[in-house]
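Participant: I would like the atomic coordinates for the input below:
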Amino acid sequence: MKRIPVAEKCKIWFAISLVLITISLGSLIIQGLNFGIDFVGGTIVTMELNTTFENADARAIVDKFDAEADITYAGDAKTQIIITTKESLTKEESQELFAGFKEKYNLQDTNLLSVDSVNASIGAEMATKSILAVTVAVVLMLIYIWFRFEFLFGLTAIFALIHDLIVVLGVYSVFQIQVNSPFIAAILTILGYSIMDTVVVFDRIRENRPKFGRYAYVDLVDTSVTQTIGRSINTSMTTFIAITALYIFGVPAIKDFALPLMVGIICGTYSSIFNASALWYVIKEYQHKKQVSANA
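Facilitator: Numbers count the residues shown, from 1 in each chain. Okay, here's the model as predicted:
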């Protein structure tokens, strides 16, 4: 197999990542994230309509209360409607909303299954715990790689994870996809998947190190990545296909989990192959040149 010039062409890979990160950060600053009810609070209304419904018909009723409310179906026959609004509806407003559906679909009072309110303070607490969970996960990964390999491997792996996190958040910001609690679980899964891919590459670099000259970092990195890229791509493709099937055929809750995973698998595979090892090479080259200059 022809050797892939990962270290040799590192500026190209870094430039691609820089463009993605710039777009992502720009969108995050300008548009921000579209936080769902889990984070900002609101009201969830569930009704049994006894028949399937057209989204446009339901939207005509719901838009009077919140034009940005999410409307999804539930139940085996898809006859239940779940309305998720970021507006905290009063009891009277919830009854008025139900009255609109009651009139259109000839419902009974028992068809109003539930009205649940989510407090904004609960959402703020969830956001804080989500950030804490991601931070703890990253720190533990750094410690693990530090002990298994070396600190520099861990540092470059964390930079790759930060790249993945920013790009995934950027995709959600650019397209204003709603961020909810399954998204946080997906982010933690992405971080674990990405670090696993990166560890495979680093493990091969460690195995190949005695076969190359002490400072032959270009040959070492390019050879190691070439030897592992087939495994990385095959694993990512099979995982991506499985998750895509979940996204296409799954219920809304599954889709909320699958979508960030799909984006994260692509980013994680790219950063593991082209960023983490290339960054390790750049730092090692810099340290070597600095040492030579000091001894000169």
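Participant: mind checking the SS state of T84?
Facilitator: Under DSSP: H, G, I helix; E, B strand; the rest coil, T84 falls in the strand class.
Participant: any idea whether Y215 is helix, strand or coil?
Facilitator: coil.
Participant: Figure out the helix or strand that the closest residue to it other than its chain neighbours lives in.
Facilitator: With sequence-adjacent residues excluded and distances taken as CB to CB, 6 or more residues apart in numbering, Y215 is closest to H288, at 5.4 Å. Where you see a C-beta, it was placed from the backbone N, CA and C, and this is true even at glycine. Per DSSP states H and E, H288 falls inside helix 277-295.
Participant: Show residues contacting that helix.
Facilitator: By CB atoms under 8 Å, 6 or more residues apart in numbering, the residues outside helix 277-295 that reach it are 6-7, 10, 13-14, 152-153, 156, 159-160, 201-202, 205, 215, 217-218, 220-221, 224-225.
Participant: name the element T43 belongs to?
Facilitator: T43 belongs to strand 42-48 when assigned by DSSP H and E.
Participant: Buried residues, the helix or strand following that strand. List them.
Facilitator: Next in sequence after strand 42-48, counting helices and strands by DSSP H and E, comes helix 55-62. Buried residues in helix 55-62, counted by 16 or more other CB atoms under 10 Å: A58, I61, V62.
Participant: quick one: which of the residues you listed is nearest G32?
Facilitator: Nearest to G32 out of the buried residues of helix 55-62 is V62 (CB to CB; 23.7 Å).
Participant: Which residues are in contact with the closest one?
Facilitator: Residues in contact with V62 (CB under 8 Å, 6+ apart) are A69, I71, I83, T85, L97.
Participant: Ok, Q227 next?
Facilitator: By CB under 8 Å, 6+ apart, Q227 lies in contact with R204, N208.
Participant: Let me know the helix or strand that it is in.
Facilitator: Following DSSP H and E, one finds Q227 within helix 217-249.
Participant: what's the angle from that helix to helix 277-295?
Facilitator: Here helix 217-249 runs at an angle of 160 degrees relative to helix 277-295 (axes from the mean of the first three to the mean of the last three CA atoms, to 10 degrees).
Participant: How far does helix 217-249 sit from its chain's centre?
Facilitator: In this view, helix 217-249 has its centroid 17 Å away from the chain centroid, taken as CA atoms, centre = their mean, to the nearest Å.
Participant: Check which element follows that helix along the chain.
Facilitator: Scanning forward in sequence from helix 217-249 by DSSP H and E, the next helix or strand is helix 252-270.
Participant: Can you name every helix or strand that that following helix contacts?
Facilitator: Counting by 3 or more CB pairs under 8 Å, 6 or more residues apart in numbering; DSSP states H and E, the packing neighbours recorded for helix 252-270 are helix 151-174, helix 181-208, helix 217-249.
Participant: Strand partners (parallel or antiparallel) of the strand holding T43?
Facilitator: Note on strand 42-48: by DSSP bridges, its sheet partners are strand 80-85 (antiparallel), strand 112-118 (antiparallel).
Participant: Buried by neighbour count: which residues of the last one qualify?
Facilitator: Of the residues in strand 112-118, those buried under the neighbour-count criterion (16+ other CB under 10 Å) are L112, V115, V118.
Participant: Share the number of residues neighbouring the residue nearest to the second one when sequence neighbours are not counted, please.
Facilitator: Leaving out its chain neighbours, the residue that sits closest to V115 by CB to CB, 6+ apart is S94, at 4.7 Å. S94 sits with 19 neighbouring residues when counted by other CB atoms under 10 Å.
Participant: who are the neighbours in contact with S94?
Facilitator: S94 neighbours (CB under 8 Å, 6+ apart): T43, V45, V115.
Participant: okay if I get the residues you listed as JSON lines plus pLDDT and distance to I248?
Facilitator: Output for those, formatted as JSON lines (pLDDT from 0 to 100; distance: CB to CB, whole Å):
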{"residue": "T43", "pLDDT": "88", "distance to I248": "30"}
{"residue": "V45", "pLDDT": "91", "distance to I248": "27"}
{"residue": "V115", "pLDDT": "89", "distance to I248": "31"}
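Participant: Show me which of these is closest to Y105.
Facilitator: Minimum separation from Y105 among these (CB to CB) is found for V45, which lies at 14.0 Å.
Participant: pretty sure that closest one is touching L97, no?
Facilitator: Yes: judged on CB atoms under 8 Å, V45 makes contact with L97 at a distance of 6.2 Å.
Participant: Many thanks, we can stop here.
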